[in-house]
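Engineer: Here is my input, please return the structure:
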Amino acid sequence: MKTSVLFLCTGNSARSQMAEGLLRHFAGDRYEVFSAGTQPVGLNPLAVEAMREIGADISAQRSKHVSEFDGIPISAVVTVCDRARESCPIFPMAGRTIHWSFDDPAAAQGSHEEKLAEFRRVRDLIAGRIRTEFVETPQS
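Structural biologist: Numbers count the residues shown, from 1 in each chain. Got it, this is the predicted structure:
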């Protein structure tokens, strides 16, 4: 049985979507991975573009409300932004809750390339945390 991980952020458009795609890309054979938001707004095309650059296709993922996971046993819940942490519902069946705080790349201003650079930066930060927390030292 795979360990289940749910990544949460506010809009479920970028950070949690990239985290879902990254863990699936790095170790999807060991984890059942999901993402959701407290106020989902749809998958951000720049998140898809930034992930595609590293060979991870998240284009088929969709934005989901956290309530879709009510009553589902989740091994680890990972909030990836402060607002999600503050409004995260309790997951009584979760083995553990982890909080990571990442800047919202969707808030970036400027040209397409400047915005994409911010998505890349945040993607790489998330990738580092996922490697450390789940890939190099897998949890049971």
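
Engineer: Could you count how many residues lie near residue 32?
Structural biologist: When neighbours are counted by other Cβ atoms under 10 Å, residue 32 registers 15. (Each C-beta comes from the backbone N, C-alpha and C, glycine too.)

Engineer: Check residue 30 too.
Structural biologist: The tally of other residues near residue 30 (other Cβ under 10 Å) stands at 16.

Engineer: any idea how far it lies from residue 3?
Structural biologist: Remark: distance between residue 30 and residue 3 (Cβ to Cβ, to the nearest Å) = 7 Å.

Engineer: ok, now residue 28?
Structural biologist: Separation of residue 28 from residue 3 (Cβ to Cβ): 11 Å.

Engineer: what do you get for residue 50?
Structural biologist: Residue 50 sits 26 Å away from residue 3, going by Cβ to Cβ.

Engineer: now residue 25
Structural biologist: From residue 25 over to residue 3 the distance is 16 Å, taken as Cβ to Cβ.

Engineer: just residue 77 next, same as before
Structural biologist: Using Cβ to Cβ, we find residue 77 at a distance of 12 Å from residue 3.

Engineer: So between these two, which is more surrounded?
Structural biologist: Ranked by neighbour count (other Cβ under 10 Å), residue 77 and residue 3 place residue 77 first, with 26 against 17.
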